[in-house]
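Trainee: Sequence first, then the predicted structure, then my questions.
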Amino acid sequence: MKINLGALLGLLFTATSLSALTPDEWKYSQPLDLDAARPLKFSLPPATLDAARADVGDLRILGPDGQELPYLLLKPVAETGRTLAPKDFKAELSNSTTILTLATGTDQPLDSIALATGASRFLKAVDIELSADGQHWETLAQGVPIFRQDGATKTSLSLERRTAAYLRLTLDDERTRPFVVTAATLQTATDRPAPTEPLAPRLLRTEEFAGETVVTLDLGAAHLSLASLEISAEDPLFTRAISVAVRELRDGQIIERTLGQSAIYRIALEGLAPAANLTVPVNANLPGRELILHIANGDSPPLRLREISARRNPLYAVLSPLTSGRHQLLSGNPLVAAPRYDLTALSAELNRLPLTTARIGEPTTNSAYRQADPLADLALEGAALDTRAWKFRRPVTITAPGVQQIELDLPALAAAQSTLADLRLIQAGKQVPYILERTSLTRELTLTANSVPVPEHPSVSRWKITLPQPGMPFTRLSLTSPTRLFSRRIQVYETLTDSRGEHYSSNLASSDWTHKPEDKPQPLTLALFDRLQTDTLWLETDNADNPPITLERVQLFYPVIRLLCKTTSPELVELVYGNNDVAAPRYDADLVAAQLLTAEKHIAGLGSVLALDGGSGFSFLKGAHGGALFWAVLALVVILLLVVVAKLLPKPPAKP
């Protein structure tokens with residue numbers, strides 16, 4: 001017997017017993033206009049998901065009479081295909097091509113094939129052919145690019161949901177030397193791809209760092225399921241590796257969590273039409289509104305970005321209104337338990353309902369709501385602080401009240417503790433609580449390496465690099481040389497002085513560096529694990545019986561570290577640091593760290609370095625080298641000590 005789905009749904013929705021609710025416990029309300037009293041399925045707009053909790057468990061629907069209506073949330077999920085290895089795989093070289101022949105071993109439609117290779121850099125065109133018997137071949141595509149270069153990789157080829165017992169891939173080796181393909185993996189197609197809806201993110205800022213561009217996007221709402229991003233750039237030809245990340249709080253510090261990595265490209269192979277792929281798949285649930293894109297540029301200039309669009313995976317709501325008219329969506333209750341309606345058993349039938357368009361208004365704040373935004377009127381304030389034990393202070397340039405993002409520059413990183421425990425923000429004599437954010441980003445500083453003769457060792461090349469100040473927290477050193485043929489071992493060190501006043505070399509890094517004429521010259525990158533103590537860095541290599549090499553460019557990299565805080569007063573905010581005896585602060589503001597992280601931020605800057613007293617009445621004696629007054633006082637003390645010692649020594653016997 002065929003069941004009437006509409007009648008069954010109406011009976012079930014009507015029979016569901018609901019407890020009464022108090023609307024003033026929900027912060028937001030949205031009008032929902034429905035035209036018919038029948039089962040409906042519609043997509044929840046981003047504004048509703050943004051106002052609701054992450055689990056959407058606080059969503060409630062009220063009818064025109066104010067009574068709660070049961071509903072069911074459905075998240076459409078695509079049927080994923082299977083990943084399988086081909087039944088047979090054979091590779092052979094023929095003239096100027098590499099031919100890969102595969103027996104698929106399946107009669108299912110194929111979505112794609114991925115090739116595995118250990119080659120580090122390549123760009124090739126591939127012809128794809130299909131066959132049912134291994135004898136008669138049908139061309140599916142010609143000149144499809146695969147590549148691995150500048151950190152971007154594409155080794156997957158679309159098979160357009162075709163069925164084939166055999167595949168033949170022909171790689172063009174005429175312009176570049178062949179490489180070994182070690183394996184192949186097939187992905188079967190699915191009959192039900194996941195539906196997506198367009199999304200228009202807002203570009204908050206674009207920042208250029210060492211070898212990468214960082215783009216911060218505002219998706220317009222939190223708690224979205226992001227399907228993909230579409231990058232539009234003006235550059236005619238490029239390949240770029242892209243990673244997508246979100247910022248989140250972990251163990252009291254802000255970190256970046258990578259959601260996925262992909263490659264975008266626009267390339268042209270000789271004699272073939274340009275090929276492009278500008279889509280970045282994400283397929284992840286986002287906790288907040290902010291999304292971060294890392295575009296790896298390597299040695300290439302940044303892309304000229306034109307636009308970034310997105311698509312999201314929808315969340316459907318299904319309900320059966322008792323009457324038509326204006327209904328109400330309630331959201332924004334952090335304490336209420338998720339509803340348990342008797343509709344789960346019908347999820348398969350409800351999912352087959354046709355999608356309708358519901359007229360849903362924007363969320364408005366409930367004037368009777370009893371719980372306010374924890375950050376709206378909250379002045380985050382710490383205890384008073386006596387700054388006499390700190391050596392340096394910096395004014396913070398703030399353009400507007402609210403949540404501030406302050407990036408620490410090199411002078412602050414060099415003079416603060418290595419753990420940054422002595423950082424304090426001060427306003428009107430009191431501390432401004434902050435959260436420390438250690439990012440994966442780096443900035444670069446380009447310096448000059450001056451050649452220094454070594455008369456006692458003529459075969460040794462030595463370079464001196466003068467740093468802006470001691471204590472620099474550099475993490476990497478990159479060297480570039482135009483010399484085409486050499487093999488050297490590079491030593492990096494600084495010269496320190498022990499307690500007896502004797503000089504010694506402290507090794508920081510070393511590595512072998514080789515250039516061959518047939519290869520593209522690659523820079524030498526060395527990791528620096530120890531914080532520098534002096535303001536001079538030394539490089540050295542032994543040329544043996546070869547001519548010396550030339551250093552063209554020296555780059556030093558340091559981490560990007562930020563402070564997040566909230567200000568409500570227009571009074572001056574200052575950053576103080578330079579106290580080696582203080583422990584890291586502990587603020588109650590850590591309890592609202594998640595709200596600080598997800599709030600929209602203003603970029604604040606640091607002013608010039610100003611010296612503080614340093615916590616001693618003898619602060620004029622402090623410093624790396626002292627001063628004239630310091631040496632005068634020291635000389636006076638020595639003279640007084642000599643006079644005292646002379647008076648204590650026994651007098652020599654008188655001459656007869």
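Mentor: Received, thanks.
Trainee: On the three-state scheme, the residue most central in space within the chain is what?
Mentor: Nearest to the mean C-alpha position of the chain, by C-alpha atoms, centre = their mean, lies residue 245 at 4.4 Å. Classification of residue 245 by DSSP: H, G, I helix; E, B strand; the rest coil places it in strand.
Trainee: where do the helices sit along the stretch 551-656 of the chain?
Mentor: Along the stretch 551-656 of the chain, the stretches classed as helices by DSSP state H, counting those that start in this stretch are 593-598, 628-648.
Trainee: Check the chain too.
Mentor: Applying DSSP state H to the chain gives helices spanning 5-15, 46-51, 347-351, 410-415, 593-598, 628-648.
Trainee: mean pLDDT for those: which is lowest?
Mentor: Per-segment mean pLDDT for those reaches its minimum on helix 5-15, at a mean of 50.
Trainee: if we can go back for a sec, please identify the most buried of the helices of the stretch 551-656 of the chain.
Mentor: Greatest average neighbour count among those goes to helix 593-598 (a mean of 18), per mean count of other C-beta atoms under 10 Å. (Glycine included, C-beta is placed from N, CA and C.)
Trainee: Now residue 391. Nearest residue, chain neighbours left out?
Mentor: Nearest residue to residue 391 in three dimensions, chain neighbours excluded: residue 578, at 3.1 Å (C-beta to C-beta, 6 or more residues apart in numbering).
Trainee: and that neighbour, how many neighbours?
Mentor: By other C-beta atoms under 10 Å, 21 other residues sit near residue 578.
Trainee: Hmm, it is touching residue 423, no?
Mentor: No. Contact criterion C-beta atoms under 8 Å: residue 578 and residue 423 do not qualify, at 9.8 Å.
Trainee: shared neighbours, these two?
Mentor: By C-beta atoms under 8 Å, 6 or more residues apart in numbering, residue 578 and residue 423 have these common neighbours: residue 416.
Trainee: just the strands in the stretch 51-200 of the chain please.
Mentor: Using DSSP state E, counting those that start in this stretch, the strands assigned to the stretch 51-200 of the chain run over residues 60-62, 68-69, 72-74, 83-84, 88-94, 97-103, 110-117, 122-131, 137-149, 152-154, 156-162, 166-172, 181-188, 197-199.
Trainee: do the same with the stretch 401-550 of the chain
Mentor: Using DSSP E, counting those that start in this stretch, the strands of the stretch 401-550 of the chain run over 402-407, 424-427, 430-431, 434-447, 449-452, 460-466, 476-480, 486-497, 503-515, 524-527, 536-542.
Trainee: Please give me every residue in contact with residue 438.
Mentor: Contacts for residue 438 (C-beta under 8 Å, 6+ apart) come out as 253, 254, 255, 559, 561.
Trainee: Now residue 601: closest residue in space, sequence neighbours ignored.
Mentor: Among residues not flanking residue 601 along the chain, residue 405 sits closest, at 4.3 Å (C-beta to C-beta, 6+ apart).
Trainee: residues of stretch 549-563 that come out buried?
Mentor: Buried residues in stretch 549-563, counted by 16 or more other C-beta atoms under 10 Å: 549, 551, 554, 555, 556, 557, 558, 559, 560, 561, 562, 563.
Trainee: thinking the second one is in contact with residue 482, fair?
Mentor: What it means is residue 551. No. Using C-beta under 8 Å, residue 551 is not in contact with residue 482, being 9.0 Å away.
Trainee: My read is that the residue nearest to the centre of the chain contacts residue 288, right?
Mentor: No. Contact criterion C-beta under 8 Å: residue 245 and residue 288 do not qualify, at 11.9 Å.
Trainee: and the nearest residue to residue 403 once chain neighbours are set aside, how many neighbours?
Mentor: Leaving aside its chain neighbours, residue 403 sits nearest to residue 599 (4.4 Å; criterion: C-beta to C-beta, 6+ apart). Per other C-beta under 10 Å, the neighbour tally for residue 599 reads 17.
Trainee: just checking, residue 599 touches residue 402?
Mentor: Yes. Residue 599 is within contact range of residue 402, at 7.3 Å (criterion: C-beta under 8 Å).
Trainee: what is in contact with those two at once?
Mentor: Taking C-beta under 8 Å, 6+ apart as the criterion, residue 599 and residue 402 both touch residue 566.
Trainee: ok, what's across the strand from residue 601?
Mentor: Residue 601 has these beta-bridge partners by DSSP bridges: residue 403.
Trainee: Break this structure down into its domains, please.
Mentor: Here the domain parsing of the chain from automatic domain parsing is 5-76+315-365, 83-188, 197-313, 372-615, 620-648.
Trainee: Of the ones you listed, which shows the lowest average pLDDT?
Mentor: domain 620-648 (a mean of 63).
Trainee: Tell me who's in contact with the closest residue to residue 23 other than its chain neighbours.
Mentor: Closest residue to residue 23 apart from its sequence neighbours, by C-beta to C-beta, 6+ apart: residue 330 at 6.2 Å. Taking C-beta under 8 Å, 6+ apart, we find residue 330 in contact with 21, 23, 26, 28, 29, 58, 59, 60, 61, 62.
Trainee: repeat that with 6 Å
Mentor: 26, 29, 60 (C-beta atoms under 6 Å, 6 or more residues apart in numbering).
Trainee: ok, it to residue 29 distance?
Mentor: 6 Å (C-beta to C-beta, to the nearest Å).
Trainee: Can you report phi and psi for the residue nearest to residue 391?
Mentor: Main-chain dihedrals, residue 578, degrees, to the nearest 10: phi 100, psi 50.
Trainee: Hmm, it is touching residue 389, no?
Mentor: No. With contact defined as C-beta atoms under 6 Å, residue 578 does not reach residue 389; the gap is 9.0 Å.
Trainee: which residues do these two both contact?
Mentor: Counting by C-beta under 6 Å, 6+ apart, residue 578 and residue 389 have no contacts in common.
Trainee: on that earlier part again, and which of the buried residues of stretch 549-563 is nearest residue 357?
Mentor: Taking C-beta to C-beta as the measure, residue 357 lies nearest residue 562 of those, at 43.0 Å.
Trainee: Fine, thanks again, bye for now.
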